[in-house]
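Chemist: here's my sequence, what's the structure:
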Amino acid sequence: MTPWNLLRALLLTTVASATLAGCNVARLTINTPLTPQHVAFITEGRTTLADVVNVLGAPDSMAEAESGTTVIYRFLNAKYSRVNFGWLAKPWSPVDPDLIMSRSGFGADAFELICDSDWVIIHQAFVRHGPEPLFTPYPF
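Modeler: Next up, the predicted model:
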């Protein structure tokens, strides 16, 4: 390996290490995230709330509705990642610059059921939070 190639490899390794030092990744899960496979056993007009509670556990909330009772299971499966490119300028800059690109998927999802007066499920639906922009660069 020539000295020039060795110097390039060392420089590339240093820049990659410094970039990764300013990188954060986090994941947060509250309650068990529900998927369509978890609730496939529910048949509208046949399955009772007792059957659902036996499989999914107690709901997070219940409220009276015009057509019966609304039952809600809330869950959160959030991801957060960010890269601070200002970290690279820290050794040479008199200020601490933050040039952050981040992405988060925060927001609670829910699985809602509507039961009639006999506690039979008449409707079910997943309620998702809206999609977030792909990246949010700061301080721009």
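
Chemist: nearest residue to I30 in space, please, no chain neighbours.
Modeler: L76 (4.1 Å; Cβ to Cβ, 6 or more residues apart in numbering). Bear in mind the C-beta positions are built from the backbone N, C-alpha and C, glycine included.

Chemist: ok, now how distant is the one you found from P59?
Modeler: With the distance defined as Cβ to Cβ, to the nearest Å, L76 ends up 15 Å from P59.

Chemist: T70 now?
Modeler: 10 Å.

Chemist: and for those two, which residues touch both?
Modeler: L113 (Cβ atoms under 8 Å, 6 or more residues apart in numbering).

Chemist: for the protein, which segments count as helices?
Modeler: Ranges of helices within the chain are 3-21, 49-56, based on DSSP state H.

Chemist: JSON lines for those helices, including mean neighbour count and distance to P33?
Modeler: Formatted as JSON lines, the helices of the chain follow (neighbours: other Cβ atoms under 10 Å; distance: least, Cβ to Cβ, whole Å):
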{"stretch": "helix 3-21", "mean neighbour count": "10", "distance to P33": "29"}
{"stretch": "helix 49-56", "mean neighbour count": "14", "distance to P33": "12"}
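
Chemist: can you tell me which of these the model trusts least?
Modeler: Note on the helices of the chain: helix 3-21 shows the lowest mean pLDDT, a mean of 68.

Chemist: for the spatially closest residue to A65 that is not a sequence neighbour, list each beta-bridge partner.
Modeler: Sequence neighbours aside, I114 is the residue nearest to A65 in space, at 6.4 Å (criterion: Cβ to Cβ, 6+ apart). For I114, the beta-bridge partners are T70, H123 (DSSP bridges).

Chemist: any idea how many residues pack against I114?
Modeler: 17 (other Cβ atoms under 10 Å).

Chemist: what's the neighbour count on C115?
Modeler: 21.

Chemist: quick one: contacts for it?
Modeler: So C115 contacts 48-49, 68-71, 121-122 (Cβ under 8 Å, 6+ apart).
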